[in-house]
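>>> Kindly generate the corresponding structure for this input.
(one chain, ligands or ions: 2)
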Amino acid sequence: MEDRMNLDSGLQMIAANLYPPCPQPELAMGIPPHSDHGLLNLLMQNGVSGLQVLHNGKWINVSSTSNCLLAFVSDHLEVVSNGKYKSVVHRAVVSNKATRISLAIVIAPSLDTVVEPAKELLDSQNNPAAYIGMKHRDYLQLQSSNRLNGKSVLDNVKI
Ligand SMILES: O=C(O)CCC(=O)C(=O)O
Ligand SMILES: [Fe+2]
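Numbering: from 1, shown residues only. Ligands and ions are numbered 1, 2, ... in the order given. Modelled structure (predicted):
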């Protein structure tokens, strides 16, 4: 993994999310459903719940313990593992009681790394590549473009 993804020159990005109390939480969404780019997402929360993960078609509440790091499999780990590990679809709902804060640390390959299924995991007969390769930079550009027509970037790189 370290060699394949050039992790010596990898990238870490931090997103800080602030969700103030919302008077009508049933009408709002903190962050809509998505999965993250990168290999892993390490998430810290301030003890106020709101994170939900999609599991077997149902949204499951994740407890929010402070001083705890939550590790999510993200899109690039799904691609490199050729689908063996699945990227976690998640969202954040809001509450009318407390302010919620989360810090998401994305562990990713450099922007010039082509993210593709590891050749060691493929064989053309039984385990062909299930994803096309894409530079991390292009993946990010596609994610922020309006060319997705409601699909995720991950859906776009699936063969
Ligand atoms: O606030 C959360 O728990 C989720 C944040 C998140 O999904 C993100 O920053 O990508
Ligand atoms: Fe996320």
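>>> When you work out contacts or count neighbours from here on, use the C-alpha atoms and nothing else.
Will do.
>>> for this protein, which spans come out with low pLDDT?
Residues of the chain meeting the criterion pLDDT under 70: 147.
>>> Determine the longest helix present in it.
For the chain, the longest helix by residue count, based on DSSP state H, is helix 136-143.
>>> Pull the residues that contact whichever helix or strand comes after that helix.
From helix 136-143 onward toward the C-terminus, using DSSP states H and E, the following helix or strand is helix 153-157. Applying C-alpha atoms under 8 Å, 6 or more residues apart in numbering, the contact partners of helix 153-157 are 75, 131-134, 139, 142-143, 148.
>>> Next: stretch 51-71.
Residues external to stretch 51-71 that are found in contact with it (C-alpha under 8 Å, 6+ apart): 40-50, 88-93.
>>> and the protein, which residues reach ligand 1?
Taking C-alpha under 6 Å from any ligand atom as the criterion, the neighbours of ligand 1 within the chain are 15, 17, 36, 51, 91-92, 102, 104.
>>> Can you tell me which of those are buried?
For the residues of the chain next to ligand 1, a burial check counting by 16 or more other C-alpha atoms under 10 Å picks out 36, 51, 91-92, 102, 104.
>>> coming back round to it: return the subset of the contacts of stretch 51-71 lying in strands.
40-45, 90-92 (DSSP state E).
>>> And what about the residue nearest in space to the middle of the chain, helix, strand or coil?
By C-alpha atoms, centre = their mean, the chain has its centre lying nearest to residue 36, at 2.0 Å. Put simply, residue 36 is coil when judged by DSSP: H, G, I helix; E, B strand; the rest coil.
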